[in-house]
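Visitor: Kindly return the folded structure for what I paste below:
(2 chains)
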Amino acid sequence: MGDDSYLGLQGVDAGYGRTRVLQGIDLSIGKGEFVALLGSSGCGKTTLLRAIAGFALPERGVIRVGDRDVTRLPPDRRGMAMVFQSYALWPHMSVAGNIGYGLRLKGWKRPAIAARVAEIGALLGLDGLGGRRPAELSGGQRQRVALGRALAIDPDILLLDEPLSNLDARIRLSVRHEIRALQKRLGITTIHVTHDREEAMVMADRIVILDQGRIAQLGTPEAIYTRPESAFVAAFMGAENVVRLDVVSSGGRVDIAAGPLNRAASLRLDRPAPPSGPVEARFRSEQLQLRSLDDATTADVQGIELLGTIEVVVYPGGEWRHSVRIGGASVLVDAPEAIAPGTSVLVRVPVSGLFLFSAPTASPVGGSPASTDDTAPVREKLSA
Amino acid sequence: MTALSSASVSPRTVDLLWWLPRAAGLGLLAFLIFGPLANMLIWTVAERWYFPHALPIDYGFSYWGRVFAPRGNAVQSLVASISIALLTVVGSLALAVPAGYALARLKLPMRGVILLAFLVPQAFPNLPVYVNIARLFYEIGLNGTVTGVVLVHVTHGLVYAVWIATAAFAAVDRDLELAARNLGASALRAFADVTVPLAAPGLMASAIFVFLESLDEFTGSYFVGAPDVLTLPLLLYSAGAGGNYQVASITALLLLVPSIAFMLVVEKFLRADVLAKVGQ
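Guide: As a prediction, this is how the structure comes out:
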């Protein structure tokens, strides 16, 4: 983002007591941008949001808003507004009281507050609820009040801490788009914490993937989805099928010798190739070709071809989902037609959907993250 | 039971037989609780009542008149008791609110030890403690003053005040305060606008406990206050010791009324989520 950075973090370390949760976070967010902090629980995403809000002081590093250093500023002087995961609505105040509180603090006059509260209420579809207490509202309405309370003060930066996680699945999908549309209309710089990949993809301009307190990758949803830079990011973005291969790479070219699990292949990658040696090949279950070995034709597409046996096939809707055993691992493959269990098959992974990462040397050959939970019933994995 | 039914006694009779000890047990319990109370109530309206008679010989309100007469000391000691109790509440809460908030919110080392320390004034035998306090107060001129009595009552009541206040503050979700800070409230403003209103029922309950403790307290008031500061329990004591059961009973009734009234209020204020956090 460079020069138009509005919110900037440099080398931020933070934690609780002796445990360091965040380590060396560098982040630069432009004005009006919507950034999602994505990660599994315990990765430090909420801690990062709280450090930005000023609830937890970072142990090291600098946080800037515009050209202002806010690192040591108390939360009430940062011009940010947060929507809490629990909404944190004040139970002793009415809906109007909750939404108008920030304006009361700013010393607004009573009629002006009432007008602004009505405006926010209309914006979020809360008309006629002003006199109710939070306890008398549904989950979706509470979420709107929490958002309205944050938006009422017209904040420079809006912080969203998993605000959709307490809504039921159907409402959540529509609220995603509503929040995104509202954010675009108002042009508020927004940071959204979530553990839901799809939610981050749909809402954000850019996604920050956090892993154990560090930024694993930062980029547009499309860039992260199509060009994950590490095995962790690839797995997080849905490429959970893993096969171990040995590669010889030279320049942009990767050669794979034929083995018991795969046919020989020579690939030209449009991204940096891993160094020669053992690699972890990751791919999603979509956009693969699944053929019974008998009628497999030679490929005209670039990719690798894996040899396996169908274990289980289920129909989750759309395409048939096959669990294919390839050596010690099993992978999930979606195909338009069901192939009976026991059939020997060829799985063709096109190069565009194939992610190669040099494998950690310590792990045994054929053992992969996916195969470690082989004891789990296959059907359970299929429904995941 | 099996032996009874095999002897062809109908279940209905068995039920009836079981009713008897149950009713007797409950009756005894009720008598143990209400018997003394009834006795006290009768004494308040008895004019003459002595040994062989099961009930008073004459009924009347003449002792009420004597208790509330200008030189009867009752009104004066009622006023003294209530003023001391109110001052004790103010003093205890002034200490318990900041202490309770700190104990609820901050990660203090030896938090448990600190909480337990407030129990110390109750843990030792009252008598030697108050005799020594009286001696100390005498040297610095606090003996026989309202301030002295209030100080003793505050140390005594602090354990309730601090424990309940800590629980009340701990029951207020930290995010509710942070939400106020986040929207521009200073720490003090967030405390006043969010924390105090939400902790108010618990703080109210702790105030009532302290009030009742102070109203009832005898030993400390006796050694530190008497004879210059005369509270209701002291009046009750001297009336009872002088064999004047009518005055003693009327005074006891005066003490009982606020206790029962406030207990009903406390029961309403102390919610389960606050109670669950007492002493944690």
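
Visitor: could you point out the longest helix in chain B?
Guide: Here the longest helix in chain B is taken by residue count, with DSSP state H as the criterion, and it is helix B:11-44.

Visitor: Give me the next element, helix or strand, following that one.
Guide: Later in the chain than helix B:11-44, the nearest helix or strand by DSSP states H and E is strand B:46-48.

Visitor: Tell me which strands the helix or strand containing residue A:346 pairs with, and in which orientation.
Guide: Taking DSSP H and E as the criterion, the element that holds residue A:346 is strand A:344-350. The strands that strand A:344-350 pairs with in its sheet are strand A:289-292 (antiparallel), strand A:303-314 (antiparallel) (by DSSP bridges).

Visitor: Please work out which of these is packed deepest.
Guide: Highest mean neighbour count of these: strand A:303-314, a mean of 20 (counted as mean count of other Cβ atoms under 10 Å in any protein chain shown). Where C-beta positions appear, they are placed from N, C-alpha and C, glycine not excepted.

Visitor: Next secondary structure after it?
Guide: strand A:320-326.

Visitor: Give the other helices and strands that that following strand contacts.
Guide: strand A:303-314, strand A:329-335, strand A:344-350, helix A:378-383 (3 or more Cβ pairs under 8 Å, 6 or more residues apart in numbering or on different chains; DSSP states H and E).

Visitor: pull the helix or strand with minimum mean pLDDT from chain B.
Guide: Comparing every helix and strand of chain B by mean pLDDT, DSSP states H and E singles out helix B:2-6 as the least confident one, with a mean of 46.

Visitor: average model confidence for stretch B:232-245?
Guide: Mean pLDDT, computed over stretch B:232-245, is 80.

Visitor: returning to that earlier point: make CSV out of the strands paired with strand A:344-350 and add mean pLDDT and distance to residue B:109.
Guide: Formatted as CSV, the entries for the strands paired with strand A:344-350 read as follows, by pLDDT from 0 to 100; distance: least, Cβ to Cβ, whole Å:
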stretch, mean pLDDT, distance to residue B:109
strand A:289-292, 86, 62
strand A:303-314, 91, 56
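
Visitor: Quick one: closest of those strands to residue A:20.
Guide: Across these, residue A:20 has its closest neighbour in strand A:303-314 (40.1 Å, Cβ to Cβ).

Visitor: Just the angle for that closest one relative to strand A:320-326, thanks.
Guide: What separates the directions of strand A:303-314 and strand A:320-326 is an angle of 120 degrees, with axes from the mean of the first three to the mean of the last three Cα atoms, to 10 degrees.

Visitor: what distance separates strand A:303-314 from the centre of its chain?
Guide: Centre-to-centre, strand A:303-314 and its host chain are 28 Å apart (Cα atoms, centre = their mean, to the nearest Å).

Visitor: I'd like to check the angle between it and strand A:329-335, please.
Guide: Using the same axes, to 10 degrees, strand A:303-314 lies at 80 degrees relative to strand A:329-335.

Visitor: Just name the shakiest helix or strand of chain A by mean pLDDT.
Guide: Here the helix or strand of chain A ranked lowest by mean pLDDT, DSSP H and E is helix A:369-372, holding a mean of 40.

Visitor: Can you say which of the strands paired with strand A:344-350 is nearest to residue A:210?
Guide: When the strands paired with strand A:344-350 are ranked by proximity to residue A:210, the top entry is strand A:303-314, at 30.7 Å, counting by Cβ to Cβ.

Visitor: The closest residue to residue A:192 other than its chain neighbours: what secondary structure?
Guide: Closest residue in space to residue A:192, ignoring its immediate chain neighbours: residue A:160 at 4.3 Å, by Cβ to Cβ, 6 or more residues apart in numbering or on different chains. The assignment at residue A:160 comes out as strand when based on DSSP: H, G, I helix; E, B strand; the rest coil.

Visitor: Pairing partners for residue A:160 in the sheet, please.
Guide: When residue A:160 is checked against DSSP bridges, its beta-bridge partners turn out to be residue A:83, residue A:192.

Visitor: Distance to residue A:356 added to the helices and strands packed on strand A:320-326, as CSV?
Guide: Formatted as CSV, the entries for these read as follows, by distance: least, Cβ to Cβ, whole Å:
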stretch, distance to residue A:356
strand A:303-314, 9
strand A:329-335, 15
strand A:344-350, 11
helix A:378-383, 23
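
Visitor: now for those, which one comes closest to residue A:121?
Guide: Go through these one by one with Cβ to Cβ and the one that ends up closest to residue A:121 is helix A:378-383, at 41.6 Å.

Visitor: start to end distance for stretch A:100-117?
Guide: Terminal residues of stretch A:100-117 lie 6 Å apart, using Cα to Cα, to the nearest Å.

Visitor: where's it relative to the chain centroid, distance-wise?
Guide: With Cα atoms, centre = their mean as the basis, stretch A:100-117 stands 36 Å off its chain's centre.

Visitor: try stretch B:196-209
Guide: For stretch B:196-209, the gap between its own C-alpha mean and the chain's C-alpha mean amounts to 15 Å (Cα atoms, centre = their mean).
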